[in-house]
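J.: coords please:
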Amino acid sequence: MSEQVSLVADAPTALDRARSAYGRGTSAWAHRDRAVEETWWLALSGAMDSDYNQALVHGDDAREVLPEVLARVDAVGRPSVLALAGAGLASAQQLADAGWVCVGALPFMYREARRGERDARVRSLREADLASARDVLTATFDVSPDAAASLFQPSLLARDDVRTWGLFDPVLVSVAVTVEVGDDLYVGWALATAPGHQHRRYGSSLLRHIDDRYERNGGLGSLHLATSAGARLYAARDHTTLEHWQLWSKPRWILGH
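T.: Numbering: from 1, shown residues only. All right, here's what the predicted structure looks like:
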């Protein structure tokens with residue numbers, strides 16, 4: 001796949017598939033409204049946090065699909081981020097005319113399946129661990145408690161396509177969620193190490209353990225939309241930046257009003 005994404009070909013290209021695969025990974029938390037189409041996807045948790053209300057428009061039909069996407073975002077009425085990529089970037093003025101503003105860009109990153117290293121401190125989360133996992137996530141990224149609850153919830157523990165990970169030393173210090181999405185890929189969410197436990201390579205150890213699991217069980221590559229800190233970690237582990245997604249939101253959501 002890493003060789004295919006640079007090719008100019010008829011849709012669906014490898015990069016188109018990667019964008020859609022990432023959208024499928026939102027099934028872990030997008031419980032309010034969700035759709036994954038060939039040229040766009042929408043994932044709304046309903047939480048008061050734009051990190052967990054997202055959409056991506058990336059096709060050459062962006063001008064036609066944006067009204068539906070914006071209407072569904074407005075119907076839920078929660079802080080949201082809408083990303084533009086690929087041909088979808090041509091619709092930026094349409095978003096600006098609707099009162100949205102560009103708030104930055106993040107790298108969309110990929111890593112092929114690669115042998116990792118098992119860590120005895122890592123195991124799947126249990127229901128009794130979920131409250132602590134939410135605390136780690138809210139403390140690390142300053143997300144809202146309801147957003148953390150939309151991800152770390154008991155229903156995920158019964159799904160075959162989702163894994164919730166925790167590194168314990170001896171308490172829970174680092175967490176992550178992975179979602180298998182087809183196309184020999186998984187999507188990673190919420191890699192977080194609690195403040196006070198950072199800079200001890202817990203995150204790297206957790207990722208190596210996850211790598212080992214997916215290399216041994218299907219040879220799955222990974223997709224991440226990375227924060228600036230996450231991008232440094234992933235780049236050090238030979239992830240490839242496929243592209244940058246341009247992020248848009250509404251001023252009142254950015255200012256917290």
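
J.: switch to C-alpha atoms for all contacts and neighbour counts from now on
T.: OK.

J.: next one: the one helix or strand residue 248 maps to to chain centre, how far?
T.: Residue 248 belongs to strand 240-249 when assigned by DSSP states H and E. How far strand 240-249 lies from its chain's middle: 12 Å, per Cα atoms, centre = their mean, to the nearest Å.

J.: residues in contact with it?
T.: Residues outside strand 240-249 that contact it (Cα atoms under 8 Å, 6 or more residues apart in numbering): 2, 5, 15, 79-85, 89, 95, 100-111.

J.: can you do 6 Å?
T.: Contacts of strand 240-249 with the rest of the structure, by Cα atoms under 6 Å, 6 or more residues apart in numbering, involve 81-85, 100-110.

J.: Which members of those residues are the farthest-apart pair?
T.: 100 and 110 (28.5 Å; Cα to Cα).

J.: neighbour count winner among the two?
T.: Between residue 100 and residue 110, counting by other Cα atoms under 10 Å, residue 110 is the more crowded of the two (25 against 19).

J.: Contacts only, for the residue nearest to that one when sequence neighbours are not counted.
T.: Nearest residue to residue 110, sequence neighbours excluded (Cα to Cα, 6 or more residues apart in numbering): residue 223, at 4.7 Å. Residues near residue 223 by Cα under 6 Å, 6+ apart: 109, 110, 187.

J.: picking that back up, which of the contacts of strand 240-249 sits closest to residue 145?
T.: residue 81 (18.3 Å).

J.: Now do the one helix or strand residue 22 maps to against strand 240-249, angle only.
T.: According to DSSP H and E, residue 22 maps onto helix 14-24. Put simply, helix 14-24 runs at 60 degrees to strand 240-249, going by axes from the mean of the first three to the mean of the last three Cα atoms, to 10 degrees.

J.: residues making contact with whatever helix or strand comes next after helix 14-24?
T.: Once the chain leaves helix 14-24, the next helix or strand it forms, by DSSP H and E, is strand 33-36. Contacts to strand 33-36, defined as Cα under 6 Å, 6+ apart, come from residues 41, 42, 43, 44.

J.: With respect to residue 32, which of the residues you listed is nearest?
T.: residue 44 (5.5 Å).

J.: sorry, back to before: and the next helix or strand after the strand holding residue 248, how far from the chain's centre?
T.: Note on strand 240-249: by DSSP H and E, the next helix or strand toward the C-terminus is helix 251-254. When C-alpha coordinates are averaged (Cα atoms, centre = their mean), helix 251-254 and its chain have centres 21 Å apart.

J.: same deal with stretch 153-165?
T.: Worked out by Cα atoms, centre = their mean, stretch 153-165 lies 16 Å from the chain centre.

J.: before we move on, back to that, what lines up beside the strand holding residue 248 in the sheet?
T.: strand 81-84 (antiparallel), strand 101-111 (antiparallel) (DSSP bridges).

J.: So for residue 56, which of those strands sits nearest?
T.: strand 81-84 (4.6 Å).

J.: Run through the helices of the stretch 151-257 of the chain in chain order.
T.: 202-216, 228-236, 251-254 (DSSP state H, counting those that start in this stretch).

J.: residues in contact with the first one?
T.: In this structure, residues lying in contact with helix 202-216 by Cα under 6 Å, 6+ apart are 113, 114, 115, 116, 117, 118, 119, 220.

J.: SS state for the fourth one?
T.: If I follow you right, that is residue 116. Under the three-state scheme (DSSP: H, G, I helix; E, B strand; the rest coil), residue 116 adopts coil.

J.: And the residue nearest to it when sequence neighbours are not counted, how far from residue 174?
T.: Excluding the flanking residues, the one nearest residue 116 by Cα to Cα, 6+ apart is residue 212, at 4.0 Å. Using Cα to Cα, to the nearest Å, we find residue 212 at a distance of 17 Å from residue 174.
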